[in-house]
Every structure is written in C-alpha cells, then in structure tokens.
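Participant: Using only what follows, build the 3D model:
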Amino acid sequence: MPIINRIGDFASDMTEWRRWMHRNPELGFDCHETAAFVAGKLREFGVDELHEGIAKTGLVAIINGQGDGPAIGLRADMDALPIQESTGADHASKIPGRMHACGHDGHTTMLLGAAKYLAETRNFKGRAALIFQPAEESGGGGELMVQEGIMDRFGIAQVYGIHNAPQHPAGEFYTNAGALMAAVDEFTVTVQGQGGHGAYPHEAIDPVAAAVAMVQAIQTVVSRNHKPVHELVVSVTQFRAGTANNVIPDTAVFSGTIRTFDANTRDMVFRRIGEIVEGHAPAFNVTARLDFDEGYPATVNNPENAAFAAGVAAEIVGEAAVDADHEQEMGAEDFSYMLQARPGAYLFLGQGDTAVCHHPAYDFNDEIAPIGASFFARLVERAQPVE
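Facilitator: Next up, the predicted model:
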C-alpha cells in the first residue's frame, strides 16, 4: 500500500502517539490531557498558529502554505467511550471503564501525521486548518465548534474527515456522493397507570400492557408507513417496568432510536409515534408522555468534494481500492454539522478483520495510520496546488 515516503519514515512515531492516547482515554468534552498531548506535538512540528479551548477542549492548528489561497479543513475526533477494555494489549487503557473503542485515537494520529508532514513541506497554497474535536460520541462537539465560528474565523472553504472501518479490507477507502450516514434521533415514552397486586389486576391500571401494545404498533411505522425505497430504522431498545413478580407497577418506560436520511421521513416517524402513543393511552386507560431527543443530522457529502477525495484516495491506494459509490451507513456522525456549514466529504478507511467499533475487544490498526495521514496531506496539496 503506497504512502508518502516521508510519512512512512515516522510511522513508528505515529504508533507511539496513538498508543499513548489509547492508554489515556478521555470522555466527551473532558479531553484535557489528550488536547495537551496534541498541542505539544503540534508546537513541536512548528505549526504557525495554535488555537486551544474551542468547544472546551478542541483545537485548531493553522499551517501556512506558499502564497495566498483559501483554507482547507481536516478534522479528527479525540474522545473515547465508557467501555471496559478487554483487548489485553500492552497499550490497553489504564483507566477502568474507559477505552478508545471507536478509533478516535487513530483518527487523531492520522491528522497529527499529516500535520508533521505539511509543516515540513508546505507544498500548497493558502492554509491548512487542522481541527481536533472533542465529544463526537456524545455532546456534539462538532456542532459546538461550528457554533463557535471556526469556519468563518479560519476562512475554511471545504472540510474533510476519515473514520476507520473494521471488517473492511485494510487500506481500502469507501464513500459516496451524497448522504453517507444517517441522522439519529431518540425517543422515550413514559406510560403512567395505577399499581396494584398482581393477583388482583382488575383493581389496577396496567401500564405494562399499554406500553407493550405501543411498542408493537411502533414496529409498523417502518413496514407500513414509509416508502420502501427510503432507508429507515426505528428500534425500541429499552423497556423498564416493575420491581417484583407479583406487583403491577405504576409506570412503564420504553425508549429507542430513529435513523433517517431525509427530513420528510423523519417528520413522518415523529408524527406516527406521537399518534400511536396518543391513540393507545386512552384505549388502555393510562396517560403517556412522549419525549424526543433530536440528535445528529445526516452526514451528507458534497458530490464534487466526494469525487475529488475519492480521486486523492486512489493516488494513495490505487483505484481498485476505492469505492466511490458505497451504500449508505445507518450509523451517525457529528461531522455532519461541519458538512452543513461547508462543502466537503467524509470517507471510511478499512482497517481489516478486527473487532467492530464500540466493542470491548476493539483496537485501532496502526498499519493504516500512515495511509490516512498520506490521504490528508495529499488532499491539501491537490486541493490547493502551488502554481
């Protein structure tokens, strides 16, 4: 798998950086040690500007090229997950209950590798804006960075990101020219009845029966209420009620997730779940409250930027190792907010036959880090070439 030779020269350094981050995972916006580590490396590399404390612990580093030109944004996420690691690796997490189970340590390493190379060579016009973001897994750090004005403040004209892809051949890229990842929303329904003895159900108002009927009806939203050619997932994933086998509880609570790609489908799902809850409650003589938690929007690539990025990826790994028309993913990603603010593209980079993301046995494949770093660096050089 060809990579930029200079980046290959410090590939072992990149492995050390990544494994330090893996041993020291941080959650959400509390990426203080990670941000300090990243800032120290960026200063060592000689970036021209380093802006810290964006979205609490986020950073933006600026590397000036040769002559005037726009800024191209490259983004990596830094946060880990609240999962107990089971890899048994020498570089396993030192913090119980936390681990880099989604490869954000690898994403940050790839961008650091590109930063080192770009700061040395500066074979591009304009500026490279390197975005290190906290709180992708929860909290929407990407949204907050956009709200705090990074696109305008640093003159970013286009923006790109990468995510590793377990169970996909190592070193192969995939993306598409539109909606790549889904919007994610969550819902919670609280059903209020009247508790009583399980032996005397006629003296109680059973919220469990009502909630079960609602859950069953919600399953018909996908099968009967939406156009089959439009991707949609509605999953009830939690159900909580009762504390004893012989007691009818006062309340039952269930919740789940909604994954959509377009606003009309999303609105339909919200409406139908509301109608189901409102219709079933009086039928079972209970009351019910429905709460929606609106999450990340769909991650939508700009077609021109996606085609450009796929072409750059092909320079690194060859055309046969790039799928520019991949099927959509039902996962969600808060890079979506950056793509709403500026045109750009998001790509996946295969990391081989490893445990899937968010699994306690997951670990990032260090062999693909120089490939991702080379991709980031070539993006800048191809997007803003020196005349």
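
Participant: Helix, strand, or coil at Ile237?
Facilitator: One correction, residue 237 is Thr, not Ile. strand (DSSP: H, G, I helix; E, B strand; the rest coil).

Participant: give the contact list for it.
Facilitator: Shown in contact with Thr237 (CB atoms under 8 Å, 6 or more residues apart in numbering): Ser255, Gly256, Thr257. Any C-beta I mention is one placed from the backbone N, CA and C, and that applies to glycine too.

Participant: Kindly recompute the last result at 6 Å.
Facilitator: By CB atoms under 6 Å, 6 or more residues apart in numbering, Thr237 lies in contact with Gly256.

Participant: pLDDT (mean, whole number) over stretch 317-330?
Facilitator: For stretch 317-330, mean pLDDT rounds to 97.

Participant: What's the end-to-end length of it?
Facilitator: 26 Å (CA to CA, to the nearest Å).

Participant: Any chance you could list what contacts it?
Facilitator: Contacting residues not belonging to stretch 317-330 are listed as 1, 171-174, 176, 179, 181-182, 231, 233, 259, 310, 313-314 [CB under 6 Å, 6+ apart].

Participant: hey, which helix is longest across this structure?
Facilitator: The residue-count maximum for a helix in the chain (DSSP state H) belongs to helix 263-283.

Participant: Mind giving me the packing neighbours of it?
Facilitator: helix 207-218, strand 287-294 (3 or more CB pairs under 6 Å, 6 or more residues apart in numbering; DSSP states H and E).

Participant: about what we covered before: would you check which pair of the contacts of stretch 317-330 lies furthest apart?
Facilitator: Greatest spacing in the contacts of stretch 317-330, by CB to CB: Met1 and Val233 (33.9 Å).

Participant: which one is Leu180 nearest to, not counting chain neighbours?
Facilitator: Nearest residue to Leu180 in three dimensions, chain neighbours excluded: Thr299, at 5.1 Å (CB to CB, 6 or more residues apart in numbering).

Participant: how far away is the one you found from Pro25?
Facilitator: 24 Å (CB to CB, to the nearest Å).

Participant: next one: Gly256
Facilitator: Distance from Gly256 to Pro25, counting by CB to CB: 28 Å.

Participant: In terms of packing, which of those two has more residues around it?
Facilitator: Between Gly256 and Pro25, counting by other CB atoms under 10 Å, Pro25 is the more crowded of the two (26 against 19).

Participant: who's in contact with that one?
Facilitator: Contacts of Pro25 (CB under 6 Å, 6+ apart): Ala80, Ser93, Arg98, Met99, His100.

Participant: most surrounded residue in these?
Facilitator: Within those, His100 tops the neighbour count with 31 neighbours, counted by other CB under 10 Å.

Participant: Hmm, Asn24 and that residue touching each other?
Facilitator: No. At 9.3 Å, His100 does not count as touching Asn24 under the criterion of CB atoms under 6 Å.
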